[in-house]
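> Turn this into a structure:
(one chain, ligands or ions: 1)
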Amino acid sequence: MLRILISGMVLFTMTNMIQAADQVVADVVLGIHGGIGVDKKEMTPELDKEVRAGLKSALEAGHAKLKAGGSSLDAVEAAIRVMEDLPVFNAGKGAVFTNAGTNELDASIMEGKTKKAGAMAGVMTVKNPISGARAVMEKSKHVLLIGKGADSFAKQQGLEIVDPSYFATEPRRKAIEEIWKREEEAKKKRSDAESLQPELPKKKSEYGTVGAVSLDGMGNLAAGTSTGGMTNKMAGRVGDSPIIGAGTYADNDAAAISCTGHGEFFIRYAVSHEIVSQMKYKGLSGAAASDDVINKQLKNAGGEGAAIVLDRAGKFVTAYNSEGLYRGCITKDGTVQIKIYEE
Ligand code: ASP
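From the prediction side, this is the model:
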């Protein structure tokens, strides 16, 4: 009886441990995510369709670049640009609002061969921040530009510039207004010191970063991430997405990684670099390393989120400690796989 109970417990624990990781997919040339998405109970058939269609077009755009002989960087940039332009994702158009009612965008990109990287944080006029990040990497001496300086560098580089109002959408405005209303009500009951802390997202719909990882025909890996950040973040707050080693990392000796989730945890745990390090120095697979970091380290610390991992052999895996993750991948021969929850 005791033995049955113990083996049942082991099985239960094991089931729990592997619960938030997909099967490894082989021969992948491009993997993407669109954030940890919404709780199952908030999902509608329309949203499901919109998300899947968006992920599919992003995968196809990236795959087309690779087929035409483009690099993994080209594929990452192309896939992310598609998702930045779609309001359903929290990046580019459709970015969430800060506590000051602004849309402040962060993005980064990294090449695994050279370990060159570029990033932009807190930009308000760059239509496609991922292209801004790539311009920082290729056209400046720096890795990370912020705020006005980043906006004007993008303009100088001839990137498309838009009015800040371009990024605002009604559903995101409604989300921030609901939070402000709740905060106003709570303020009346709280001390002054407490009321200085902005409320962080409670609903998954207030997350939604996008990211991509790719492996090209030359064996080079690249990773990129783009976001509006977290709803009601303080104006000026920078998350993990533009931080190399936190939200994005690529190393040809191990893997390309893009993350999404509660950014402060991803910065503190240097998540993408930690996954690469475990692969390089402990010899772990992408699946084992991301499971350790996302489903153990981060989960134990209370940090919700996910990572997508593409290793140098083209094995793609995702790990998430949330209910779902908008995610997809495409193989060399063009086979597409898209998932939202455990499927
Ligand atoms: N990681 C992003 C941030 O903290 C948010 C997200 O992934 O949804 O800015």
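
> Only C-alpha atoms from now on, for both contacts and neighbour counts.
Will do.

> which residues touch the longest helix belonging to the chain?
In the chain, with assignment by DSSP state H, the single longest helix is helix 45-67. By Cα atoms under 8 Å, 6 or more residues apart in numbering, the list of residues contacting helix 45-67 from outside reads 29-34, 71-72, 74-83, 86, 88, 216-217, 326-330, 334, 336, 338-339.

> ok, now stretch 260-277?
Here stretch 260-277 has contacts from 35-36, 207-211, 229-230, 239-241, 243, 245-249, 251, 254-255, 257-259, 286, 289-290, 293, 298, 303-307, using Cα under 8 Å, 6+ apart.

> And for stretch 240-248?
106-110, 117, 119-121, 144, 223-227, 229, 256-260, 263-264, 266-274.

> Put the buried members of those residues into a ChimeraX selection.
Buried members of these, defined by 16 or more other Cα atoms under 10 Å, are picked up in ChimeraX with:
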select :106,107,108,109,110,117,119,120,121,144,223,224,225,226,227,229,256,257,258,259,260,263,266,267,269,270,271,272,273,274
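
> Go back to the contacts of stretch 240-248 and keep what's next to the ligand.
Filtering the contacts of stretch 240-248 for proximity to the ligand (criterion: Cα under 6 Å from any ligand atom) leaves 229, 260, 263.

> one step back: give me the subset of the contacts of stretch 240-248 lying in helices.
Those of these lying in helices (DSSP H): 263, 264, 266, 267, 268, 271, 272, 273, 274.

> Present those as JSON lines; the columns should include pLDDT.
Output for those, formatted as JSON lines (pLDDT from 0 to 100):
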{"residue": "263", "pLDDT": "96"}
{"residue": "264", "pLDDT": "96"}
{"residue": "266", "pLDDT": "98"}
{"residue": "267", "pLDDT": "98"}
{"residue": "268", "pLDDT": "98"}
{"residue": "271", "pLDDT": "98"}
{"residue": "272", "pLDDT": "98"}
{"residue": "273", "pLDDT": "98"}
{"residue": "274", "pLDDT": "98"}
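
> Spell out which parts of the stretch 1-150 of the chain neighbour the ligand.
Counting by Cα under 6 Å from any ligand atom, the stretch 1-150 of the chain sits next to the ligand at residue 35.

> Would you map the helices across the stretch 1-150 of the chain?
With helices called from DSSP state H, counting those that start in this stretch, the stretch 1-150 of the chain shows them at 2-18, 45-67, 72-85, 129-139, 147-156.

> Just say helix, strand or coil for the residue lying closest to residue 69 once chain neighbours are set aside.
Distances taken as Cα to Cα, 6 or more residues apart in numbering put residue 217 closest to residue 69, at 7.9 Å, once the chain neighbours are dropped. On the three-state scheme (DSSP: H, G, I helix; E, B strand; the rest coil), residue 217 is labelled coil.

> what does stretch 333-343 rub up against?
Counting by Cα under 8 Å, 6+ apart, 20, 22, 37, 52, 55-56, 59, 63, 323-330 sit against stretch 333-343.

> Go through these and name the one nearest residue 183.
residue 37 (23.6 Å; Cα to Cα).

> Run a quick neighbour tally on that closest one.
Residue 37 sits with 28 neighbouring residues when counted by other Cα atoms under 10 Å.

> Hmm, it is touching residue 324, no?
Yes: the criterion here is Cα atoms under 8 Å, and residue 37 meets it with residue 324 at 6.3 Å.
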